[in-house]
Structures are given as structure tokens and as C-alpha cells.
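Asker: no letters, just coordinates:
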């Protein structure tokens with residue numbers, strides 16, 4: 001049976017008094033498919049255990065006749081715990097030819113489970129080795145690990161990408177997490193991927209089954225997300241779903257919106273910043289009129305916070321960082337400011353002789369693309385809302 005490995009044991013001298021041993025056992029409950037976690041393409045699946053299900057086992061054959069007293073047949077399981085970095089063993093109180101195992105221990109996810117039935121010697125009698133799926137069972141673990149490596153070991157947190165979702169606020173939060181605390185970010189992501197739950201500082205992400213059971217498209221990426229990277233889906237979709245269960249982990253827009261209070265809460269409880277404040281971060285109404293004096297005031301304030309060591313997440317209309325100036329609509333978007341804002345301005349009689357606003361931000365999986373070219377001060381004022389500062 002795929003997903004189950006039968007161990008062949010060498011004959012050993014009998015340690016007990018029973019003149020027979022368990023030779024083989026079988027799994028009576030059907031296994032469920034999940035990712036085979038291989039680097040090979042196309043994406044392959046394999047059968048395995050699922051968290052929360054109960055599995056029944058039965059002794060099939062003995063080395064000699066069955067024992068006269070079936071209660072002498074003992075059952076045991078063991079697995080290697082990645083979180084505890086050691087083998088965990090459990091001897092069941094159930095004896096006899098039949099055994100049921102209820103998988104309610106999250107630490108068992110993402111490991112091989114060894115189930116043993118024996119009379120005299122557990123090392124040489126009946127045994128099955130079965131894979132226990134990760135909680136994100138459809139996601140390829142090899143792809144997930146490779147993405148985490150890029151974001152941490154390779155020092156490219158800017159690769160974190162919301163793709164086709166409205167999770168820009170989550171992207172900014174996890175960009176700062178991976179950039180400033182890469183080891184903690186990696187541990188948080190891996191634990192969430194494997195067990196479906198992860199805690200860091202004073203925040204616990206615990207997504208619903210809608211997110212955990214997300215299936216993948218033919219390319220191996222989460223469905224309905226425009227090929228969102230697995231590592232980003234696991235962290236960002238899980239976190240948003242934890243705070244708003246109405247978000248089911250797809251391309252929903254309203255349910256995924258990252259309101260200012262949600263982002264502030266994550267900056268405090270997850271990232272651990274002690275000084276977090278917002279200023280004008282959600283004012284989507286574009287001004288009817290503005291002035292260069294107001295522009296200078298806003299730039300001076302932003303640069304003051306930046307130079308004082310605050311990390312700044314700007315709430316903007318996405319038109320701000322694209323070569324578009326749209327007065328009729330707004331598309332609210334979070335970005336992380338990477339540089340101070342410069343404004344090269346020289347007034348003129350009818351129009352300015354020079355007007356170039358320039359800065360760089362992290363957004364949409366990159367920190368070097370935006371701005372591609374300087375914009376005017378009016379373009380900035382019409383599309384800038386406010387910020388969250390933290391340190």
C-alpha cells in the first residue's frame with residue numbers, strides 16, 4: 001500500500017514465555033491523500049494519516065499459532081518530534097488483536113508514525129510505518145522550505161508577496177518579521193505549516209479548516225490566489241483568517257482588508273514592538289485641494305519618524321506608486337517605507353520649474369521597483385493617507 005512501509009524483521013531469540021510472536025499487522029482504515037512533498041514536477045500526492053481521524057489496526061499473522069491469551073498482545077506507537085527533537089513513544093493500555101489510534105496530537109503531524117503490535121519483543125514483531133500529513137497537507141513541503149530559505153537564509157524578505165489576494169497589510173507585517181527576526185519568522189512559519197498553529201510573543205495564529213485544507217492548482221500554488229507562494233499563504237492567510245474567520249483564504253476582497261487596528265495589533269502582539277502609533281492611516285477620501293505647504297509638513301513628519309528609527313507602514317492609494325493618477329477611485333494599499341522621502345521642488349510663475357518626489361518602498365514582492373520614476377507633489381498628496389509607526 002502506498003504511504004505505508006512494511007518492515008522486514010530478522011528472527012531473534014524469544015525474550016518472553018509466549019511461544020509465538022506477532023508477524024504482521026494491517027491498517028483497516030483508508031488513508032487520505034496529500035502532497036508527496038517531492039521536488040519533482042508535476043506535483044505528486046501520497047496517502048497518509050490525517051489529524052483528528054481515528055485509525056483501526058489488526059493483527060494479521062503470527063510466527064506460530066495465535067497466543068492462547070490475546071491480552072498478551074500489546075500496542076505501541078512512536079514518532080520523531082521535530083519540535084522536541086527526540087523520539088516520543090506511547091504504550092497503549094489497549095491489548096488484543098485490534099487497536100484504534102485517534103490522532104489528536106498536533107506534534108505528530110509531518111512525521112512518520114510507527115505502529116507496533118508485539119507479545120515479546122517490540123523491535124522484531126509486527127510494525128507499520130505510515131506518513132502523517134502536515135496540517136497544510138496539499139502544500140508541497142519542498143517548495144515551502146525553498147521559499148522560506150529565500151526569505152531568511154538568502155536574505156530576501158522582499159520576496160514575500162500577496163499575489164492575487166488583498167493581504168497587503170499582512171505582507172508588510174511578515175516582511176518586517178522576516179527582515180528583522182528571520183529565525184523567529186522561520187520557526188513560526190514551519191510550526192504553522194506542520195501543526196496548523198503557531199505562537200510568537202503574545203500572538204497565536206490558528207487558522208480554520210478552510211485555510212488548512214486549501215488545495216493547489218496544477219503549478220502547486222494555492223487555488224484562487226494567482227500563484228501566491230506557499231510560505232506567504234501559510235503565514236498571511238492563516239493570520240488574517242485567525243483575526244477574521246469570514247476570510248476563507250482566497251481572493252475575497254472585503255473580508256481580507258487589513259484594517260489599521262488589525263495591523264497595529266499584529267505589530268504589537270506578533271512583532272513585539274512596544275511603541276506603535278497610527279496617524280491618518282485610513283482616510284480614503286481624496287482631498288479637493290491641497291498646497292505645497294501641507295506637502296512639506298507631511299514629508300517633514302514622515303522623514304522625522306523614519307530618521308528617529310521608526311519602521312513606517314504607509315497607507316496609500318496604489319496609484320501613488322504606479323504611473324497613474326486616478327481621481328475617481330481608490331485602491332487602499334499598505335507599503336513599507338524603505339528610504340526617506342526627497343522632494344526636489346522649484347516654484348515657477350504658472351507652474352513649478354522642478355517638482356520631483358522620490359522614495360522607495362516594499363510592495364508586491366519587491367522593494368526596488370517602486371517608485372520607478374519621480375512623481376509630482378500633487379500626485380503624492382492625492383494618493384497618500386497616513387502611516388503606522390513602530391519601534
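Answerer: Happy to help now that I have it. This is a predicted model, so every value here is computed, not measured.

Asker: only C-alpha atoms for contact and neighbour calcs from this point on.
Answerer: Fine.

Asker: pLDDT below threshold where in the chain?
Answerer: The chain contains residues with pLDDT under 70 at 1-18, 282-286, 323-330.

Asker: break it down into its domains, please.
Answerer: For the chain, automatic domain parsing gives the domain ranges 4-132, 136-274, 276-391.

Asker: go through stretch 188-199 and flag the buried ones.
Answerer: Buried residues in stretch 188-199, counted by 16 or more other Cα atoms under 10 Å: 188, 189, 190, 191, 192, 193, 194, 195, 196, 197, 198.

Asker: winner for burial among the domains of the chain?
Answerer: Among the domains of the chain, the stretch with the highest mean neighbour count (mean count of other Cα atoms under 10 Å) is domain 136-274, at a mean of 20.

Asker: the closest residue in space to residue 381 that isn't next to it in sequence: which element?
Answerer: Among residues not flanking residue 381 along the chain, residue 295 sits closest, at 6.7 Å (Cα to Cα, 6 or more residues apart in numbering). Assessed by DSSP states H and E, residue 295 sits inside helix 292-307.

Asker: just the helices from this structure, written as ranges.
Answerer: 141-151, 168-180, 182-195, 209-212, 230-232, 238-243, 260-269, 292-307, 377-383 (DSSP state H).

Asker: in a markdown table, list the buried residues of stretch 188-199 along with distance to residue 307.
Answerer: What follows is the buried residues of stretch 188-199, written out as a markdown table (distance: Cα to Cα, whole Å):
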| residue | distance to residue 307 |
| --- | --- |
| 188 | 30 |
| 189 | 31 |
| 190 | 34 |
| 191 | 35 |
| 192 | 35 |
| 193 | 37 |
| 194 | 40 |
| 195 | 40 |
| 196 | 39 |
| 197 | 37 |
| 198 | 34 |
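
Asker: what is the nearest of these to residue 217?
Answerer: Distance to residue 217, by Cα to Cα, is smallest for residue 193 among the buried residues of stretch 188-199, at 18.1 Å.

Asker: isn't the closest one up against residue 135?
Answerer: Yes - taking Cα atoms under 8 Å as the definition, residue 193 is a contact partner of residue 135 at 6.3 Å.

Asker: common neighbours of those two, please.
Answerer: Common contacts of residue 193 and residue 135 (Cα atoms under 8 Å, 6 or more residues apart in numbering): none found.

Asker: could you check how far the residue lying farthest from the centre of the chain is from residue 343?
Answerer: Using Cα atoms, centre = their mean, the residue of the chain lying farthest from its centre is residue 349. It sits 54.6 Å away. Noted for residue 349: a distance of 19 Å to residue 343, by Cα to Cα, to the nearest Å.

Asker: ok, residue 265 next?
Answerer: Separation of residue 265 from residue 343 (Cα to Cα) stands at 32 Å.

Asker: and residue 102, by the same measure?
Answerer: Applying Cα to Cα, the value for residue 102 to residue 343 is 64 Å.

Asker: same check on residue 268?
Answerer: Here residue 268 is placed at a distance of 32 Å from residue 343 (Cα to Cα).

Asker: got a list of what the nearest residue to residue 100 once chain neighbours are set aside touches?
Answerer: Spatially, and ignoring its direct neighbours in sequence, residue 100 is nearest to residue 56 (4.4 Å; Cα to Cα, 6+ apart). Residue 56 makes contacts with 27, 28, 29, 98, 99, 100, 101, as judged by Cα under 8 Å, 6+ apart.

Asker: still on that earlier bit, tell me the one of the buried residues of stretch 188-199 nearest residue 139?
Answerer: residue 193 (8.8 Å).

Asker: contacts only, for the residue nearest to that closest one when sequence neighbours are not counted.
Answerer: By the measure of Cα to Cα, 6+ apart, the closest residue to residue 193 outside its immediate chain neighbours is residue 136, 5.8 Å from it. Counting by Cα under 8 Å, 6+ apart, residue 136 makes contact with 193, 194, 196, 212, 213, 214.

Asker: out of those, what pair is the most spread apart?
Answerer: Pairwise over those, using Cα to Cα, the maximum falls at 194 and 214, 14.0 Å.

Asker: and the gap between residue 193 and residue 231?
Answerer: Note on residue 193: its distance to residue 231, by Cα to Cα, is 8 Å.

Asker: that should have said residue 376, apologies.
Answerer: 37 Å.

Asker: can you check residue 320 too?
Answerer: Using Cα to Cα, residue 320 is found at 28 Å from residue 231.

Asker: which one of the helices of the chain lies nearest to residue 74?
Answerer: Closest to residue 74 of the helices of the chain, according to Cα to Cα: helix 182-195, at 28.6 Å.

Asker: output the contacting helices and strands for the closest one.
Answerer: helix 168-180, strand 198-200 (3 or more Cα pairs under 8 Å, 6 or more residues apart in numbering; DSSP states H and E).

Asker: which residue, other than its chain neighbours, is closest to residue 152?
Answerer: Once flanking residues are discounted, residue 152 sits nearest to residue 182: 5.3 Å by Cα to Cα, 6+ apart.

Asker: now swap in residue 86 and tell me
Answerer: Counting by Cα to Cα, 6+ apart, residue 86 lies nearest to residue 80, which is 5.7 Å off, once chain neighbours are set aside.

Asker: partners of the one you found in the sheet?
Answerer: Assessed by DSSP bridges, residue 80 has beta-bridge partners residue 87.

Asker: just residue 112 next, same as before
Answerer: On the basis of DSSP bridges, residue 112 is bridged to residue 131.

Asker: tell me how far it lies from residue 80.
Answerer: Distance, residue 112 to residue 80, using Cα to Cα: 8 Å.

Asker: again with residue 354
Answerer: 66 Å.

Asker: what sits in contact with each of residue 193 and residue 231?
Answerer: By Cα under 8 Å, 6+ apart, residue 193 and residue 231 have no common neighbours.

Asker: does residue 197 touch residue 187 like I think?
Answerer: No - using Cα under 8 Å as the test, residue 197 is too far from residue 187 to be in contact (11.5 Å).
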